[in-house]
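S.K.: Mind looking at a prediction? Sequence and model below.
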Amino acid sequence: MDFKKEIAGKISQLVDMEQEKIMELIEIPPQSNMGDYAFPCFQFAKVLRKAPNMIAADLAGKLAQDNVIGKVEAAGGYLNFFVNRAEFMKEILTEVNEKGRDFGASKEGDGKTVLVEFSSPNIAKPFHIGHLVNTLTGSALEKIYRHLGYHTERLNHIGDYGTQFGKQIAAYKHWGNEEALEKDPITELLRVYVMFHEEAEKHPELEDEARQLFKKLEDGDPEMLALWQKFRDLSIVEFKKLYKEFNIEFDSYNGESFYTDKMGEVVQMLRDKNLLVESNGAQIVDLEKFNMPPCLILKSDGATIYATRDLAAGLYRHRTYNFDKCLYVVGNTQALHFKQIFTVLKLMGFDWADNMAHIGTSLVKFADRKMATRSGDMIYAKTVLNEAAEKTLEIVESKNSGLADKADVAKKVGMGAVAYTILKNNRDRDIIFSWEDILSFEGDSGPYVQYTCVRGKSVMRKAGDFPSTADYSKLTTDEEFNLVKLLDGFKAALKEAADRYEPFVITRHVTEIAKAYNKFYNSHPIMNAEPEVKAARLHLTKAVCNVIETGLSIIGIEVPENM
RNA sequence: GCGCCUGUAGCUCAGUUGGAUAGAGCAACGGACUUCUAAUCCGUGUGCCAGGGGUUCGACUCCCUUCAGGCGCACCA
């Protein structure tokens, strides 16, 4: 039963407005003592020629208590509803405990496909904190949509193509060490790549060599191809280790190289539709009437560019998946690029481009300067995770040194702290990197939520086998009621997170649940309560842990058994 | 110069389609462990919601404008 819907239905019998419209108007009062739902009556003032507070009072008099409504009050221009608590507790807790990890799942996504492109690191390059932001955001969005019943495809558009690989191959041929490559591929590849740039300053002929090698690679030279393939494979193995930490998987690793033979068609189509214009020797699509700079399709040397690849990829994805939605989870800095791509696709006559969206992710910066990729002035994801696990281990050591699998717990909690920090705020805001923030373990943090759940699980373990059913009407305190309201709110949070493409909605909601449970936990006994109350509280605990774990798993966080 | 984003408490940030006294965490200070894990809980806030106009019964929220910061503006991705 949906209490909000029921209430809207009752109101619709009294006023000249449809139930759906009323649903939209109903809000949650700022203070819980005002009520559980509120219906603002301001809109009727003009039509009825009556003051809003009079209307509210009038309506309040016509609504009787029943199994949905516990109490109705008129306050100001608001009609405030207090739900029938006993019924509410029973409904929601039964639903959560029946559905388990599927709580919050819906049918809205039935038969629909959502593509989520995210992570997309460059091979042979280290995975830095910026990639991590992007990866966690994309993965969370994908999991949110999956939970809502959509069929999803996780696309990792690997950066595995371009002239840089000519340099990479040249560098490796000159100074590479095979043993080091097998042992720690990215480090070795980066080492020789950096070396190439240093050497190229003294010996410019290296640049020519790199160009030639890239040409050979493009022409399918077996030796070059084998090396490139090797770099690619080893890099992906490395990336997968990182993905595993956050339970992330991909359905496709088709990257830039995959589209090399698919760009000709796009160029031809643009030409056929007379969209291609020459400008300074290059071929562009003019976007002036859209108030945008032109979209470069072919460079003056005739070579393709990333925009060409993204157009080809868009076309390919539409044909292959026939998506209902295609999300590009890529840094905010690329907003213009995607706006151009979508516009060009529309100009080509592809209306499905309207179903594509760029989901810009936060830029990670240092307090005083930009996090630069080229100069190597950046923080690696690996470093962050290692630091997090290390710090966590120290804390575990001091708080719970008797713990069995300390290293594993430290890892889960450390990862939790990192993922939480990254996914707790709006994507529009830049993230100022700070060790203090990312390794935060108190209050608003991953470990706080994990700890809450761990305590709950611990109580359940101590309770052993408890009855499979409980009388939820025994849960009569405000703390318990507020907790259940939040559990119910998880459904709306999922929906909002999906609509806004904002994982932080989940992060914050799960935190609210944890806070409410901690408050309850500290003010009411579970184990020492009367048998019936105890049973009900254990079921409440089970429901809370369930929803917290579901929410956390969406944002890539696991909960250990102990911590 | 043009475009996009941001500006809310000392710090980091929420604030639902405009609505009831603007909320959290951190930091600070004071309290709660013979009791289910104190990574917890409870208490303490004089915020020109960047400034200025406008729309509205009502604006942190919508419109205009100024200021400050970030990002982007074709042969890199």
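M.R.: Looks like it arrived, so ask away.
S.K.: Spell out the residue ranges of the helices in the stretch 101-250 of chain A.
M.R.: For the stretch 101-250 of chain A, the helices defined by DSSP state H, counting those that start in this stretch cover A:129-147, A:164-175, A:178-183, A:185-202, A:205-218, A:222-245.
S.K.: Next, count neighbours for the residue of chain A found nearest RNA strand B.
M.R.: When you check chain A against RNA strand B by CB to the nearest atom of the strand, the closest residue turns out to be residue A:443, at 1.9 Å. In this view, the C-beta of every residue, glycine as well, is placed from N, C-alpha and C. With neighbours defined by other CB atoms under 10 Å, the count for residue A:443 comes to 9.
S.K.: what does residue A:469 give?
M.R.: Residue A:469: 11 neighbours (other CB under 10 Å).
S.K.: now it: how far from residue A:546?
M.R.: Noted for residue A:469: a distance of 16 Å to residue A:546, by CB to CB, to the nearest Å.
S.K.: got it, and residue A:414?
M.R.: 24 Å.
S.K.: Have a look at those two and say which one is more surrounded.
M.R.: Set side by side, residue A:414 and residue A:546 show more neighbours around residue A:414, with 27 against 21, by other CB under 10 Å.
S.K.: need the strands for the stretch 201-350 of chain A, in chain order.
M.R.: Ranges of strands in the stretch 201-350 of chain A, per DSSP state E, counting those that start in this stretch, are A:276-279, A:282-285, A:295-298, A:325-331.
S.K.: Tabulate those (TSV), appending mean pLDDT.
M.R.: As requested, these are arranged in TSV below (pLDDT from 0 to 100):
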stretch	mean pLDDT
strand A:276-279	95
strand A:282-285	96
strand A:295-298	96
strand A:325-331	96
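S.K.: need those strands in a markdown table with distance to residue A:308, can you?
M.R.: Converted to a markdown table, the strands of the stretch 201-350 of chain A look like this (distance: least, CB to CB, whole Å):
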| stretch | distance to residue A:308 |
| --- | --- |
| strand A:276-279 | 11 |
| strand A:282-285 | 9 |
| strand A:295-298 | 5 |
| strand A:325-331 | 16 |
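S.K.: between the ones you listed, which one is nearest to residue A:218?
M.R.: Set against residue A:218 and scored by CB to CB, the strands of the stretch 201-350 of chain A come closest in strand A:295-298, at 15.4 Å.
S.K.: same for the closest one, what does it pack against?
M.R.: Strand A:295-298 sits against helix A:263-272, strand A:282-285, helix A:306-321, helix A:335-347, with contacts defined as 3 or more CB pairs under 8 Å, 6 or more residues apart in numbering; DSSP states H and E.
S.K.: Ok, which of the ones you listed comes nearest residue A:138?
M.R.: Counting by CB to CB, and looking across all of the helices and strands packed on strand A:295-298, nearest comes helix A:335-347 at 14.3 Å.
S.K.: so residue A:96 makes contact with residue A:487?
M.R.: Yes: the pair residue A:96 and residue A:487 qualifies as a contact (CB atoms under 8 Å) at a distance of 5.7 Å.
S.K.: Identify the contacts common to these two.
M.R.: The overlap between the contact sets of residue A:96 and residue A:487 (CB atoms under 8 Å, 6 or more residues apart in numbering) consists of A:543, A:547.
S.K.: quick one on the thing from earlier: residue A:243 is nearest to which of the strands of the stretch 201-350 of chain A?
M.R.: Put simply, out of the strands of the stretch 201-350 of chain A the one that sits nearest residue A:243 is strand A:325-331, at 14.3 Å, with distance taken as CB to CB.
S.K.: Tell me which other helices or strands the closest one touches.
M.R.: For strand A:325-331, the elements it packs on are strand A:113-117, helix A:129-147, helix A:306-321, strand A:356-361, judged by 3+ CB pairs under 8 Å, 6+ apart.
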